[in-house]
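# Predicted model and sequence below, questions to follow.
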Amino acid sequence: MMHVIETKNLTKRFGKLTAVNRLSFKVNEGEIFGLLGPNGAGKTTTLSMLATLLPPSAGTASVGGFDVRKESSKVRHSIGFVFQDPSSDDLLSGRENLYLHALMYGVDMRNINEKMDDVLKLVDLTARQHERVRNYSGGMRRRLELARGLLHEPKILFLDEPTLGLDPQTRQHLWSYIKGLSKEKNVTIIITTHYMEEADMLCDRLAIIDHGRIVALDTPGNMKKKLGGDVIRLQVSRPNLAALKRLRYVKRVQRDNGVLVLTVTDASKHIQEILKAVGSVENVEMRAPTLNDVFLHYTGSEIRDQEGEGGFFERMVNSNR
């Protein structure tokens, strides 16, 4: 299988801060590959290096067969990038924004109208294409950004927190568009996200990033299977940890903000014994493992609902202060 993107020990430092620390991974053609992690994990910085917007401090990376250091112009012409920060011109219409983008990327003007019609239809903006972008909703703006990133027909698409701040219904619609691009157009997609559900629904494979390092890389399904059991969450003020650890079917015991999180083989069969052993329980929850449990296992904390890492240009300004 062809590797469209490949990194080896990719590293980025800002002064004494190591934002990305020796990342090595490969992305297959037509794959949706996710970078999952909290604010500040290094996800956006990684995309920025792959898109040649930031030079690596160390390591290597190739995108579409081109070296990001030596062949940056070829990399840029082979990718599309949907930034976390809105970058469309509010005073222009949706269609005018697309036309401006086509001029910047040197798209063949002989069939530009047909191409704009195609991407507007793809993201369901045909009826609103002549309205100024300032009148668009948040979801419409994100769809326009996606259309713009696709206009020059890239085979590789970078999506930086594409559904950040959107309502659940709009988020679901964008997921459908992204899946369609991968399956119908064979577009290779790298997506950064801190939404567990988004990573689980969209990604063929997933790298969990924490403090600039990859701590796990696999399919979402395999990650959950590797936990080795069901999850029981217990709210208990004074747990008897020694008694819990003596139970052979309790595979893992962790704490998260005062809640005891257990990984248990055949949890429904052993729940009564666990409750008896642990002490006075105020609340109990039992379920199959989720990606949030996987993240807790590898990093020791959950990802809270938060804003993304912040846009590329904002970070560049801050790093130069």
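In hand now; what should we look at?

# count of neighbours near the closest residue in space to Ser182 that isn't next to it in sequence?
Leaving out its chain neighbours, the residue that sits closest to Ser182 by CB to CB, 6 or more residues apart in numbering is Ile32, at 5.1 Å. The way it works is simple: take the backbone N, C-alpha and C, and place the C-beta from them, glycine included. Applying other CB atoms under 10 Å, we find 24 residues neighbouring Ile32.

# try Asp90
12.

# Stretch 121-132: end-to-end distance?
Criterion CA to CA, to the nearest Å; first-to-last residue distance in stretch 121-132 is 17 Å.

# Please list the outside residues in contact with that stretch.
Contacts to stretch 121-132, defined as CB atoms under 8 Å, 6 or more residues apart in numbering, come from residues 90-95, 116-117, 120, 136, 140, 143-144, 146-147, 150, 173, 177, 180.

# Buried ones in that stretch, by neighbour count?
122-123, 125, 128-129 (16 or more other CB atoms under 10 Å).

# now do stretch 182-190
182, 187-190.

# Next: stretch 37-56.
37-38, 40-54, 56.

# Also stretch 189-204?
Buried residues in stretch 189-204, counted by 16+ other CB under 10 Å: 189-200, 202-203.

# where do the helices sit along the stretch 101-250 of the chain?
112-122, 138-150, 168-185, 196-202, 220-225, 241-245 (DSSP state H, counting those that start in this stretch).

# Is it possible to get those out as JSON lines so that each row also shows mean pLDDT and distance to Ala288?
Formatted as JSON lines, the helices of the stretch 101-250 of the chain follow (pLDDT from 0 to 100; distance: least, CB to CB, whole Å):
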{"stretch": "helix 112-122", "mean pLDDT": "91", "distance to Ala288": "35"}
{"stretch": "helix 138-150", "mean pLDDT": "88", "distance to Ala288": "31"}
{"stretch": "helix 168-185", "mean pLDDT": "86", "distance to Ala288": "21"}
{"stretch": "helix 196-202", "mean pLDDT": "93", "distance to Ala288": "12"}
{"stretch": "helix 220-225", "mean pLDDT": "93", "distance to Ala288": "8"}
{"stretch": "helix 241-245", "mean pLDDT": "91", "distance to Ala288": "20"}
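
# Distance to Lys12 for the ones you listed - can I get that in TSV?
Output for the helices of the stretch 101-250 of the chain, formatted as TSV (distance: least, CB to CB, whole Å):
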stretch	distance to Lys12
helix 112-122	32
helix 138-150	23
helix 168-185	26
helix 196-202	22
helix 220-225	25
helix 241-245	40
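
# Out of those, which is the most enclosed?
Stretch with highest mean neighbour count among the helices of the stretch 101-250 of the chain: helix 138-150 (a mean of 22; mean count of other CB atoms under 10 Å).

# returning to what we had before: with the buried residues of stretch 189-204 in mind, which one is nearest to Asp210?
Nearest to Asp210 among the buried residues of stretch 189-204 is His194, at 11.4 Å by CB to CB.

# what's the spacing between that closest one and Asp108?
Shown here: His194 relative to Asp108, a distance of 38 Å by CB to CB, to the nearest Å.

# beta partners for the residue nearest the centre of the chain?
The structure's the chain has its C-alpha centroid closest to Thr192; by CA atoms, centre = their mean the separation is 2.3 Å. Beta-bridge pairing for Thr192 (DSSP bridges): Leu35, Asp160.

# can you check Leu234 too?
Leu260, Val284.

# State the distance from it to Val215.
25 Å.

# Would you mind telling me which of those two has the busier surroundings?
Taking other CB under 10 Å, Leu234 and Val215 do not tie; Leu234 has more neighbours (21 against 16).

# number of nearby residues for Gly300?
So Gly300, with other CB under 10 Å, has 11 neighbours.

# re earlier: nearest to Phe295 among the buried residues of stretch 189-204?
The closest of the buried residues of stretch 189-204, once distances to Phe295 are taken by CB to CB, is Met196, at 7.4 Å.

# How about the contacts made by that closest one?
36, 290-292, 295, 303.

# Mind picking the two most distant members of the residues you listed?
Leu36 and Thr290 (12.3 Å).

# Quick one: the strands in this protein, in order.
3-14, 17-28, 32-36, 58-63, 66-67, 79-82, 156-160, 188-193, 205-210, 213-218, 230-236, 250-256, 259-264, 281-287 (DSSP state E).

# before we move on, back to that, take the buried residues of stretch 189-204 and write them to JSON lines, including distance to His270.
Shown next, in JSON lines, are these (distance: CB to CB, whole Å):
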{"residue": "Ile189", "distance to His270": "41"}
{"residue": "Ile190", "distance to His270": "41"}
{"residue": "Ile191", "distance to His270": "38"}
{"residue": "Thr192", "distance to His270": "38"}
{"residue": "Thr193", "distance to His270": "34"}
{"residue": "His194", "distance to His270": "33"}
{"residue": "Tyr195", "distance to His270": "32"}
{"residue": "Met196", "distance to His270": "26"}
{"residue": "Glu197", "distance to His270": "29"}
{"residue": "Glu198", "distance to His270": "33"}
{"residue": "Ala199", "distance to His270": "30"}
{"residue": "Asp200", "distance to His270": "27"}
{"residue": "Leu202", "distance to His270": "34"}
{"residue": "Cys203", "distance to His270": "32"}
